[in-house]
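Engineer: Here is a sequence together with a model predicted from it:
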Amino acid sequence: MTSLKINTLETAPEGSKQLIETSIKNFGRLPGLHGVLASSPQTFEAYQKLHELFSNSSFNAEELTVVWQTINVENECHYCVPAHTGIAHMMKVDPAITEALRNQEALPNEKLQALHDMTLKIVRNRGHVSQEDLNTFYEAGYGEQQVLEIILGLAQKTISNYTNHIANTPVDAAFEKFAWEPVKL
């Protein structure tokens with residue numbers, strides 16, 4: 001089992017202190033992932049900026065959740081799946097969507113399913129998708145902007161999923177009730 005240090009405001013490098021203060025202000029506490037990321041001020045800042053950019057993309061709350069959770073589940077992130085389940089509840093996303101994603105089941109509508117399918121193809125094939133895949137995605141109502149925004153979300157989730165795998169970050173108390181284990185298909 002691997003682990004990395006979970007910093008506090010007192011133990012973090014100077015370059016991360018302001019980022020930690022912002023996290024505490026925004027969340028009322030320091031999320032474990034942020035405490036780990038604080039060991040590298042540059043990685044912590046990159047993660048925060050990618051999160052901000054992706055959150056302000058063309059995707060609505062349901063679509064953001066589909067991209068985040070598709071990647072989290074595919075990467076089997078023990079920390080991010082529960083965290084994004086809680087975040088989805090806070091964003092008023094239909095629980096049927098969250099549960100379908102967590103359990104690797106069909107989504108309740110075709111457009112969200114197309115987003116899930118494209119996200120999964122990009123992740124599994126490391127960006128190698130066919131023109132047919134793109135055309136199917138476009139026919140569902142998305143465009144080139146959304147393809148690139150999936151990649152933006154993937155950049156954010158790569159930082160968090162991989163960090164949590166290496167750090168073995170404990171799930172924050174606020175999200176323990178959403179604990180998750182991969183579905184064995």
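Structural biologist: Perfect, thanks for sending it. Numbers count the residues shown, from 1 in each chain.

Engineer: can we go C-alpha only for contacts and neighbour counts from here?
Structural biologist: OK.

Engineer: Could you export the host helix or strand of His89 as CSV, CA atoms only?
Structural biologist: Using DSSP states H and E, His89 sits within helix 80-90. Written as CSV, here are the backbone C-alpha positions of helix 80-90 (Å, rounded to 0.1, in the frame of the first residue of the first chain):
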residue,chain,number,x,y,z
CYS,A,80,-13.4,10.5,-6.3
VAL,A,81,-16.4,8.3,-6.9
PRO,A,82,-17.9,9.0,-3.4
ALA,A,83,-16.8,12.7,-3.5
HIS,A,84,-18.5,13.3,-6.9
THR,A,85,-21.6,11.4,-5.7
GLY,A,86,-21.9,14.0,-2.9
ILE,A,87,-21.0,16.8,-5.2
ALA,A,88,-23.7,15.6,-7.6
HIS,A,89,-26.3,15.7,-4.8
MET,A,90,-25.2,19.2,-3.9
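
Engineer: Which residues outside it are in contact with it?
Structural biologist: 61-62, 65, 68-69, 72-73, 95, 98, 102, 160-161, 171-172, 175-180 (Cα atoms under 8 Å, 6 or more residues apart in numbering).

Engineer: what about this structure, any weak spots by pLDDT?
Structural biologist: 1, 185 (pLDDT under 70).

Engineer: follow-up on the earlier one: now which of the contacts of helix 80-90 would you call buried?
Structural biologist: 62, 65, 68-69, 72-73, 98, 102, 160-161, 171-172, 175, 180 (16 or more other Cα atoms under 10 Å).

Engineer: Let me see the domain layout of the protein.
Structural biologist: 14-54, 60-178 (automatic domain parsing).

Engineer: coming back round to it: in helices, which of the contacts of helix 80-90 appear?
Structural biologist: Secondary structure from DSSP state H places Ala61, Glu62, Thr65, Trp68, Gln69, Asn72, Val73, Pro95, Thr98, Arg102, Ser160, Asn161 of those in helices.

Engineer: Identify, from the residues you listed, the entry nearest to Phe44.
Structural biologist: Ser160 (9.8 Å; Cα to Cα).

Engineer: I'd like to check which residues are in contact with that closest one.
Structural biologist: Leu33, Tyr47, Cys80 are the contacts of Ser160 under Cα under 8 Å, 6+ apart.

Engineer: So the spatially closest residue to Glu63 that is not a sequence neighbour versus Gly15, what's the distance?
Structural biologist: Of all residues not flanking Glu63 in the chain, Leu112 sits nearest, at 6.8 Å (Cα to Cα, 6 or more residues apart in numbering). In this view, Leu112 and Gly15 are 39 Å apart by Cα to Cα, to the nearest Å.

Engineer: picking that back up, considering the contacts of Ser160, which possesses the most neighbours?
Structural biologist: Cys80 (27 neighbours; other Cα atoms under 10 Å).

Engineer: I'd like the distance between it and Glu132.
Structural biologist: 31 Å.

Engineer: List the contacts of the residue most central in space within the chain.
Structural biologist: Compute the mean C-alpha point of the chain, and by Cα atoms, centre = their mean the closest residue is Trp68, 3.8 Å away. Listed by Cα under 8 Å, 6+ apart, the contact set of Trp68 reads His84, Gly153, Leu154, Lys157.
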